[in-house]
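Participant: A predicted structure for the sequence below; I have some questions about it.
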Amino acid sequence: MDLHGKGSCAACRSQTHHEGHDSLRILILGLQGDDRLCRCISAAGMDVTAFLAKRVDLGDFGHIVEAEPDFDMPYRLRSGPVWPLRPYPYSRWTCGLAHTIQLARPQVVLYTGEPSELAGAQSLLMVRRLVPDARLGVYVFENIAREWRGKLRWLRGRAERAVLAQLDFAACSSQGAVGRLVSLGLPQQRCRVVYPEVDAQLFQPADATATRQALGLDDAVVIGYVGRIVWEKGLDVLAEAFAGLSQQYRLLLVGSGDYLPKLQAQMQSLGIAERVRHVPSVPLEQVPRHMSAMDMMVLPSRSIPTWQEQYGRVLVQAMLCQIPVIGSDCGAIPEVIGEAGLVFPEGSSDALCDAMRWLGEEAHLRQSIGHKGYDRAIQTFVNTYRNSMVPWLKEAADMPLRNPSSGRREMSEP
């Protein structure tokens, strides 16, 4: 989940924040912030306060991140220290939370994270105690059932149960995330899919001639991957499938991760290392240029007991760059691709090889799928905060409380 974007959406950029007696008061909580989300909600005329961790280690999902200095325009941003810094699901604010709740006097609260995070339980239950009539919500990605057993994981189960008992609504990154919350007891009508927004001004086709030349990809058919280089992303399956393609194909990997040495060893043993180009993680603004150097992009994720692909933001980014996409059927990938790309059974290198070869041999097909992907991305994944999140928050403000009792003290700040 990208929760530290610096830009604001194009639809909201020209609008200014204003307060008034009738402004809906929104409190956005999370260990990491989403400036884009806050600006879009503020631009809709709501009185927005955000409270973030000053510093936290998100591991593979962002490493150490730090909040921007506090400011008051176009929304109020406040931050407080958390402990421990890692692992982040066990982080809790050590001060500042109660003061911010009293400052915001929220009518609606949205925690951008999972209900099993201790910071989520701490903050939402404190709001329930200090502002009993506030509507409590979460913006979640997790899409599989979890068992919280052993070591400290029981704390996450306790946090999840405490939050779910008080939760009034949820915004979910996929239908799978909706299904998970419904299975845990949140009524279906209190859940809404709000796809994470992708910036169509940043992600668009770019001239990649220089990039292809610099990487020695001039005349090749380039298959690409962008993201974390970790085992669950299925890159061993991609390497095995790529080995079945002819010498005219090249593989471009953009990203970093602890699985890289094993992947490189596999590529050496398969005899494909000379046809592979690896670019370590690049700044977000450079990603469109690298995607545009690809003839197709693959997301071959596999399911593991604690994770399935929760959204696949890189698929949408590639679609906006008019690059055809291929994805496994892991988690939310088929939901994101729809009819605008190719989907193969996760773990099947033969099926992936066939899909890559089919696209590689048919330039007109690549162009057609690229255009379909672009149209789908524009219609479905752009301006989702303005078009989906803002109406959902307004609707949540008018919902009856699920559990009007107050005074819950579990995991609240001392």
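Facilitator: Here it is on my side, so go on.

Participant: Quick one: the helices in the stretch 151-300 of the chain, in order.
Facilitator: 153-166, 175-183, 209-214, 235-242, 260-270, 287-292 (DSSP state H, counting those that start in this stretch).

Participant: Contacts for the last one next, please.
Facilitator: Contact partners of helix 287-292, identified using Cβ atoms under 8 Å, 6 or more residues apart in numbering, comprise 202-208, 211, 224, 226, 252, 254, 279, 282, 297, 317-318, 321, 323. No exception for glycine: its C-beta is placed from N, CA and C like everyone else's.

Participant: can you rerun that using 10 Å?
Facilitator: 199, 202-212, 215, 224, 226, 252, 254-255, 279, 281-282, 297, 314, 317-323 (Cβ atoms under 10 Å, 6 or more residues apart in numbering).

Participant: Average pLDDT for it, rounded please.
Facilitator: Average pLDDT, helix 287-292: 97.

Participant: Residue 26 should be in a strand, yeah?
Facilitator: Yes - checked against DSSP: H, G, I helix; E, B strand; the rest coil, residue 26 lies within a strand.

Participant: related to what we said a few turns ago, now the contacts of helix 287-292: which count as buried?
Facilitator: Burial of the contacts of helix 287-292 was assessed by neighbour count (16 or more other Cβ atoms under 10 Å); the buried members are 199, 203, 206, 208, 211-212, 215, 224, 226, 252, 254-255, 279, 297, 314, 317-323.

Participant: tell me the SS of residue 343?
Facilitator: Residue 343 - assigned by three-state DSSP - is strand.

Participant: ok, so what distance separates it from residue 99?
Facilitator: 48 Å (Cβ to Cβ, to the nearest Å).

Participant: Neighbour count: these two, which is higher?
Facilitator: Neighbour comparison, residue 343 and residue 99: the larger count goes to residue 343, with 19 against 12 (by other Cβ atoms under 10 Å).

Participant: So which bits of stretch 234-243 are buried?
Facilitator: 234, 235, 236, 237, 238, 239, 240, 241, 242, 243.

Participant: any idea how far the closest residue to residue 50 other than its chain neighbours is from residue 52?
Facilitator: Nearest non-adjacent residue to residue 50, counting by Cβ to Cβ, 6 or more residues apart in numbering: residue 28, 4.3 Å away. Residue 28 sits 9 Å away from residue 52, going by Cβ to Cβ.

Participant: circling back: beta partners of the residue nearest to residue 50?
Facilitator: On the basis of DSSP bridges, residue 28 is bridged to residue 50, residue 110.

Participant: My guess is it contacts residue 79. True?
Facilitator: No - using Cβ atoms under 10 Å, residue 28 is not in contact with residue 79; the gap is 12.0 Å.
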